[in-house]
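In: Mind looking at a prediction? Sequence and model below.
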Amino acid sequence: MINGIINIYKEKGYTSHDVVARLRGIVHQKKIGHTGTLDPDAEGVLPVCLGKGTKLCSMLTDKRKTYEAVLHLGIETDTQDISGTIKQECPVQVTKEEVRACVEGFVGNQMQIPPMYSALKVKGKKLYELAREGIEIERQARPVTFYEIQILSINLPFVRFSVTCSKGTYIRTLCHDIGVKLGCMGCMESLVRTRVDRFLIQDSLKLSEAEALMKEGKLLEHMVSVEEMFEYLPALYAKPAFAKMLQNGNAVAEKRILESDRVRMYTNTGVFVGIYEWQEEKGLYKPVAIFSSPEDFLPEKRDKT
């Protein structure tokens, strides 16, 4: 089984689910998951987790993401992007300076109302399913953060910008909200995700490239291991007495490493167990995420470490 994370370039027209399905066929394994949905019309970085790496899916979903988007002023659609049905068209009578000031005003913590055309669930039903039935319900605004917004070009009615934001942010809603604030409405013309945490667009692979590398036996060279994802954490090699406890995924009363509450936990023989967090009140390290499996502790596996 292949374990780790691969940086896939999701092309236009594919859903994130399509990417996972194609990769299952390419690598011939079922245990695969993606790290955050991209709309079918959007493209760009989609880290995909394989094998033991699937435990990282929720962790990567929480990471900062960077996008490059084009805002089309003067048009409002039901989906908040250009693929939707036009609700109204307005004259664009704003200056470049007004646009710049408005866009930059969104930097920081904001409250954002999720769009109806989204995969969020309400009482077990996805919002976009309700929207397709012509049903619109009230949505609660959610806190999001725009860490950085940089305008790349203004050629009215088009505004191209890059934005780094928190999880759960809808860039098409940002485009809509900018249009509302400017008084001329707006929608998203295009969207490319350029970064998710350490995964950059210039390092991403199209599915066709991943398939070719798999056939050549070189795909593993482009994988990021689970351990690499946590290389910023200090490593703690537990005493031999704790080997059985670690094998069973239990907490261990190891001496605390002061520079970090979280550590990469290893057995004394070098088996990577997972991420552990210091519990001050109990004086021990408690598992946060276990990535080892029983076969990792077999004698022949330890001998190779």
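Out: Sure thing, it's come through. Numbering: from 1, shown residues only.

In: Regarding this protein, what is its longest strand?
Out: What stands out as the longest strand in the chain, according to DSSP state E, is strand 142-155.

In: name the element Val163 belongs to?
Out: strand 158-165 (DSSP states H and E).

In: again with Glu129
Out: Residue-wise, Glu129 maps onto helix 127-132 under DSSP H and E.

In: Return the set of buried residues in that helix.
Out: For helix 127-132, the neighbour count (16 or more other Cβ atoms under 10 Å) marks 127, 130-131 as buried. Bear in mind the C-beta positions are built from the backbone N, C-alpha and C, glycine included.

In: hmm, back to that, report the mean confidence score over the strand holding Val163.
Out: Mean pLDDT, strand 158-165: 98.

In: Could you do stretch 190-204 as well?
Out: Average pLDDT, stretch 190-204: 95.

In: Now do it: everything it contacts.
Out: Outside of stretch 190-204, the residues within contact range by Cβ atoms under 8 Å, 6 or more residues apart in numbering are 5, 7-10, 35-36, 38-39, 41-47, 60, 63-70, 81-82, 162, 164, 171-172, 224, 229.

In: Okay, buried residues for it please.
Out: 190-199, 201, 204.

In: Taking those residues, tell me the two that lie furthest apart.
Out: Spanning the widest gap among the buried residues of stretch 190-204 are Ser190 and Arg198, at 24.6 Å by Cβ to Cβ.

In: Confirm Met214 sits in a helix?
Out: Yes. Judged by DSSP: H, G, I helix; E, B strand; the rest coil, Met214 forms part of a helix.

In: Tell me who's in contact with the closest residue to Leu236 other than its chain neighbours.
Out: Sequence neighbours aside, Val263 is the residue nearest to Leu236 in space, at 4.3 Å (criterion: Cβ to Cβ, 6 or more residues apart in numbering). Shown in contact with Val263 (Cβ under 8 Å, 6+ apart): 233-236, 257, 275-278, 285.

In: In PyMOL, select just the buried ones from those.
Out: In PyMOL, a selection of the buried entries from those looks like this (16+ other Cβ under 10 Å):
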select buried, resi 233+236+275+276+277+278+285
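
In: Closest to Gln29 out of the contacts of Val263?
Out: Ile275 (23.6 Å).

In: hang on, that closest one packs against Asp261?
Out: No. With contact defined as Cβ atoms under 8 Å, Ile275 and Asp261 do not form a contacting pair (10.6 Å).

In: how many neighbours does Gln247 have?
Out: 15 (other Cβ atoms under 10 Å).

In: Run through who's touching the longest strand of the chain.
Out: In contact with strand 142-155 (Cβ under 8 Å, 6+ apart) are residues 64, 68, 96, 99-100, 103-104, 106-114, 159-166, 168-169, 174.

In: Break down the stretch 151-300 of the chain into its strands, ranges please.
Out: With DSSP state E, counting those that start in this stretch as the criterion, the stretch 151-300 of the chain has strands at 158-165, 186-196, 199-200, 223-224, 235-237, 262-266, 272-279, 284-290.

In: Would you convert the ones you listed into a markdown table that also reports distance to Lys30?
Out: Output for the strands of the stretch 151-300 of the chain, formatted as a markdown table (distance: least, Cβ to Cβ, whole Å):
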| stretch | distance to Lys30 |
| --- | --- |
| strand 158-165 | 32 |
| strand 186-196 | 23 |
| strand 199-200 | 23 |
| strand 223-224 | 17 |
| strand 235-237 | 31 |
| strand 262-266 | 27 |
| strand 272-279 | 22 |
| strand 284-290 | 20 |
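
In: Out of these, the one nearest Gly179 is which?
Out: Each of the strands of the stretch 151-300 of the chain has some distance to Gly179 by Cβ to Cβ; the shortest is strand 186-196, at 2.4 Å.

In: quick revisit: export the contacts of Val263 to TSV and tack on distance to Ala251 and pLDDT?
Out: As requested, the contacts of Val263 are exported to TSV (distance: Cβ to Cβ, whole Å; pLDDT from 0 to 100):
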residue	distance to Ala251	pLDDT
Leu233	17	91
Pro234	18	92
Ala235	18	93
Leu236	13	93
Ile257	15	80
Ile275	13	93
Tyr276	8	94
Glu277	10	93
Trp278	10	93
Tyr285	6	94
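
In: Nearest to Lys31 among the contacts of Val263?
Out: Distances from Lys31 to the contacts of Val263, taken by Cβ to Cβ, are shortest for Ile275, at 19.4 Å.

In: contacting residues for that closest one?
Out: Residues in contact with Ile275 (Cβ under 8 Å, 6+ apart) are 230, 233, 262-265, 287-289, 291.

In: can you do 6 Å?
Out: Residues counted as contacts of Ile275 (Cβ atoms under 6 Å, 6 or more residues apart in numbering) are 262, 288-289.

In: what about the stretch 1-150 of the chain, any weak spots by pLDDT?
Out: For the stretch 1-150 of the chain, the stretches flagged by pLDDT under 70 are 61.
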